[in-house]
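Chemist: Coordinates for the following, if possible.
(chains A and B)
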Amino acid sequence: MKTLKCLAAMTLLTMSSTSIAKLNIFTCEPEWALLAREIGADRVNVSTAISADQDPHKVQARPSLISAARNADLVFCTGAELEVGWLPVLLSRSANPRIHKATGVLYAADLVPLLEKPTELDRSHGDIHADGNPHMHLDPRRIIPVAEQLAARLAELDTEGTALYQENLSDFLNRWNAAIDDWESRSAGLRGTKVVVHHRSFSYLLDWLGMTAVAEMEPKPGLPPTPGHLSHILKEVQQHDVKMILYTTFNGDQGARWLAQRSGACAVLLPYSHEDSLFMLFEELVNALNKHQAQCL
Amino acid sequence: MNKRLALLAMLASGTFLSATASAERDLRSFNPAMSVILDGLYYHDSVDGSGMEILDQHSSALHSHAHEEHEHDGLGQGFNLRELELTLSGSVDSYFDAVVTAALADGEVEIEEAWFQTRSLPAGLTLKGGKFLSAIGYHNEKHVHSWDFADQNLAYLSLFGDHGLRDTGVQLSWLAPTTTFVQVGVELLQGSELERFGSELDADELAEEINQEFLIPNGDPEVDEDDLGLPLRKGPRLVTSYVRIAPDMGTRQALQFGISAARHDSQQAFHEEGAEAFISEGSAALYGVQAVYKRFATGAYGKGSFNIQAEVFEIDSDQTATYHTDPLEIGIPVSLNQRAAYASANWGFAQRWQIGVRSAAAGINGELVEHGTREDIGISRQHSAALTWLPTEFSRLRLQVNRNDISTEDGREEFNQIMLQYNLSLGAHGAHTF
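Modeler: Have a look, this model is predicted:
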């Protein structure tokens, strides 16, 4: 009888320890994983589908992602069709009713105004997204409403953590707003700078810093640069006196190098996301842009 | 403080903007996602266009082919519009998702798939019902447009036919609550529409053939379908089960292993031996193992992606003769077994370009034992190479060559095939399944 009681007590103990188990958050991109860790801290387990140097458009719904979705309490992604090729597969194969409820998914792009909403939807215009450009995480101001909604959502899913989430949120926002002020004051000289981009992935960054993209190296979004199109851009680069050609790891450097060699402008490799910290992401972006602005004259 | 004001203005306009955006999205999502797949090819072979027919007639211990109820979409020399596939999919309500796929070929409409799947069962369970591609093996669930090659591999062709194992019934699967992907599933299927494994004879047509070719010439009394002794077994006649395991290997690669087993209650075959003919029937078992490794693209536009996969199947069947032109032989035991296997590898060697090689074999260790007399089944082999250009996710053009060495009733046939395929998808964004 004693052993039985002992067993029962142990079972209860393990059960109670699982009942204060952490919230499992499945994020599609590393930037949302970083934000989830800022707000959720020790009360959450965060997994992410890709590394910071991988293209979020082109992910395969590999088995380990299905398992991650199976165990998730919250799916936290960009939305706006960025993950249209793979997130629906994960959701439908996850066998997880929690993430089929409205409280189980959070799309960052739903919370902010989007740029470049197409007026006409036709695939002959390339890989465009009906709701607008989904790469909104590269504007730090647009991170703010996402952080607020995330804190609210975490509180909804885990009411005991409400105070902690609110505390983490206000702490994050204090540091974030101060950092934005700092980045903006250091980047004042970038305002009005004209650049060429590989893909529309940097539209929000440019919008924030007051920079302008005069051309895209992709002839249509999602198509690789062609020699003909690059020659055409070369004229634009010379005409507008463009100093910087922006690209990221998963764009490949061929187009940017080709253009840089012939125009004298700098090919600038920018991070698209970050493994360790959202602050570091923007720090690196601002530093790289300022450094090359100074060097590429 | 300027920033705050700007942000407020942005958010105010944003609330409005995102409200309209999501209203539009909601409207869209009430309609099922629709896609049309266009698949066609230019085909040439070194045997005057009979290549597909020879492949179809390769030696098999199942001895079933050409007598079951299916017709085949053969490819002729020259241009072929192989298939036009229309798919509608979406959520029925908060409990079910559903998918319907109809194929139009040669002026006929065929329902390829029509199934529903639960969204909200607890404990990692999912129930699927309707007509669907079975989850046995790895390649079986793949649709033609996501194949790395233009045609079905010879191993699958020898066991499941052109389209793979597709049937009507239910599937219950369980996904373990672990970081390692562990999926276990069971399917209960009608088993009446199978082409090779689990194929059933058209008794009416067969009785007629036996009369014409064996009985009437000898002046023997004619038979009708009831005389063939084929039992009317109740459905569902096919049970399958599978386990898939995939460790978490990070964001750059993935590995999956799987085993599957299936049992069909009524494998039927027609055998001709000189002036004699007989029909046998009995249960058949199928076992399979598979392994898939993928490395995801490190470069831009698919450059650097790599995958390798291999599957092996074995089929065993113990049958009895239900009809024999020599009545004394009725009831004799007939047993058969054979294997089939393929392996393939694909490499994204340049932006938007992929090259693949595949090797497949059917009739491996094939044997048919009739009343102690053993007949060996010849092995058939196929080697393929494919070069694919993928302009976007929605289109692909492919050049493929096959070298075939096929064992048939009339001896070995060695021949080449060339295919130039286009596969275009209109409409909803395709899924990047593993």
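
Chemist: hang on, B:P231 packs against B:T320?
Modeler: No. With contact defined as CB atoms under 8 Å, B:P231 does not count as touching B:T320 (10.3 Å). The way it works is simple: take the backbone N, C-alpha and C, and place the C-beta from them, glycine included.

Chemist: out of these two, which sits in the more crowded spot?
Modeler: Neighbour totals were compared for B:P231 and B:T320, and B:T320 leads with 15 against 11 (other CB atoms under 10 Å in any protein chain shown).

Chemist: Would you agree A:R142 is in contact with A:V112?
Modeler: Yes. When contacts are counted by CB under 8 Å, A:R142 is listed as touching A:V112 (4.3 Å).

Chemist: How is residue 99 assigned, secondary-structure-wise?
Modeler: In the absence of a named chain, this looks at chain A. Per DSSP: H, G, I helix; E, B strand; the rest coil, the secondary structure class of A:I99 is helix.

Chemist: Hmm, no, I was thinking of chain B.
Modeler: The three-state label for B:V99, taken from three-state DSSP, comes out as strand.

Chemist: residue contacts, the residue lying closest to B:T322 once chain neighbours are set aside?
Modeler: Excluding the flanking residues, the one nearest B:T322 by CB to CB, 6 or more residues apart in numbering or on different chains is B:G229, at 3.3 Å. For B:G229, the contact set (CB atoms under 8 Å, 6 or more residues apart in numbering or on different chains) comprises B:279, B:281, B:322-323, B:330.

Chemist: And the pLDDT for B:G229?
Modeler: Reading off the confidence values, B:G229 has pLDDT 82.

Chemist: Can you tell me the closest non-neighbouring residue to B:L189?
Modeler: Residue nearest to B:L189 in three dimensions, not counting chain neighbours: B:G169, with 3.5 Å by CB to CB, 6+ apart.

Chemist: shared neighbours of B:P231 and B:T320, which are they?
Modeler: By CB under 8 Å, 6+ apart, the residues touching both B:P231 and B:T320 are B:E281.

Chemist: intersection of neighbour lists for A:R142 and A:V112?
Modeler: With contacts defined as CB under 8 Å, 6+ apart, the residues shared by A:R142 and A:V112 are A:M136.

Chemist: Dihedrals phi and psi, residue 267?
Modeler: If you meant another chain, say so; for now it's chain A. Summarising the backbone geometry of A:A267 under the convention degrees, to the nearest 10, its torsions are phi -80, psi 120.

Chemist: separation between it and chain B?
Modeler: Taking CB to the nearest CB, to the nearest Å as the criterion, A:A267 is separated from chain B by 14 Å.

Chemist: on that earlier part again, tell me what the residue nearest to B:L189 is bridged to.
Modeler: According to DSSP bridges, the residues that bridge with B:G169 are B:G130, B:L189.

Chemist: just checking, it touches B:L238?
Modeler: Yes. B:G169 is within contact range of B:L238, at 7.4 Å (criterion: CB under 8 Å).

Chemist: Give me the common contacts of the two.
Modeler: Shared between the contact lists of B:G169 and B:L238 (criterion: CB under 8 Å, 6+ apart) are residues B:187-190.

Chemist: Please identify which of those is nearest to chain A.
Modeler: Ranked by distance to chain A (CB to the nearest CB), the shared contacts of B:G169 and B:L238 are led by B:E187 at 15.9 Å.

Chemist: before we move on, the earlier item: could the contacts of B:G229 go into a markdown table alongside pLDDT?
Modeler: What follows is the contacts of B:G229, written out as a markdown table (pLDDT from 0 to 100):
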| residue | pLDDT |
| --- | --- |
| B:I279 | 90 |
| B:E281 | 92 |
| B:T322 | 90 |
| B:Y323 | 89 |
| B:I330 | 88 |
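
Chemist: of B:G169 and B:L238, who's got more company?
Modeler: Relative neighbour count places B:L238 above the other of B:G169 and B:L238, with 27 against 22, counting by other CB under 10 Å.

Chemist: now the more buried one: how far from B:D45?
Modeler: Plainly put, B:L238 is 34 Å away from B:D45 if you go by CB to CB, to the nearest Å.

Chemist: repeat for B:E409
Modeler: Taken as CB to CB, the spacing of B:E409 relative to B:D45 amounts to 19 Å.

Chemist: neighbour-wise, which of these two wins?
Modeler: B:D45 (21 against 9).

Chemist: Show the model's pLDDT score for that one.
Modeler: B:D45 is assigned a pLDDT of 93 by the prediction.

Chemist: Then B:E108?
Modeler: 84.

Chemist: what do you get for A:L121?
Modeler: The model reports A:L121 with a pLDDT of 71.

Chemist: what does A:S17 give?
Modeler: In this model, A:S17 is scored at 43, pLDDT.

Chemist: With B:S13 instead?
Modeler: pLDDT, B:S13: 48.
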